[in-house]
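Just the structure for this:
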Amino acid sequence: MTIDLKQHLDTAIQYIGRQYSEELRGELANKTGLAVRPRGIGFIMTKDYNPARINLLVENEIITHVTMGN
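Okay, the predicted model is just below:
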């Protein structure tokens with residue numbers, strides 16, 4: 001992972017524990033300039049791999065985990 005992607009991951013990790021919303025997804029996308037995708041029950045999942053995408057694991061409407069890629 002490049003330094004820039006690590007910095008974006010560090011930014012995204014600050015969202016753990018917050019309630020997920022499309023507005024919050026857009027806010028994080030604007031801050032990082034990266035695609036942001038929610039994952040979890042009720043969200044569409046794709047099989048493409050994008051190392052510069054932020055994935056937000058959402059459980060019971062709360063962001064519980066953040067990853068890059070997948």
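
going forward, measure contacts between C-alpha atoms and count neighbours the same way
Noted.

Please state the offset of the host helix or strand of Asp4 from the chain centre?
Taking DSSP states H and E as the definition, one finds Asp4 inside helix 3-13. Taking C-alpha atoms, centre = their mean, to the nearest Å, one finds the center of helix 3-13 at 10 Å from the center of the full chain.

gap between Gln14 and Val66?
Taking C-alpha to C-alpha, to the nearest Å as the measure, Gln14 falls 9 Å from Val66.

and the nearest residue to Asn50 once chain neighbours are set aside, what does it touch?
Excluding the flanking residues, the one nearest Asn50 by C-alpha to C-alpha, 6 or more residues apart in numbering is Gly69, at 4.8 Å. Contact analysis of Gly69 by C-alpha atoms under 8 Å, 6 or more residues apart in numbering lists 49-55.

Quick check: helices, which of those are part of them?
Among these, the subset assigned to helices under DSSP state H is empty.

Surely Met45 touches Asn55?
No. The pair Met45 / Asn55 is not scored as a contact, 10.6 Å apart, by C-alpha atoms under 8 Å.

Now the common contact residues for the two.
Arg39.

and the residue nearest to Asn50, what pLDDT?
As predicted, Gly69 sits at a pLDDT of 84.

cool, Thr2 as well?
On the pLDDT scale, Thr2 gets 73.

Just give the number of residues close to it.
8 (other C-alpha atoms under 10 Å).

Looking at Gln14 and Val66, which is more packed in?
Higher neighbour count among Gln14 and Val66: Val66, with 20 against 10, using other C-alpha under 10 Å.

I am finished for the moment; much appreciated.
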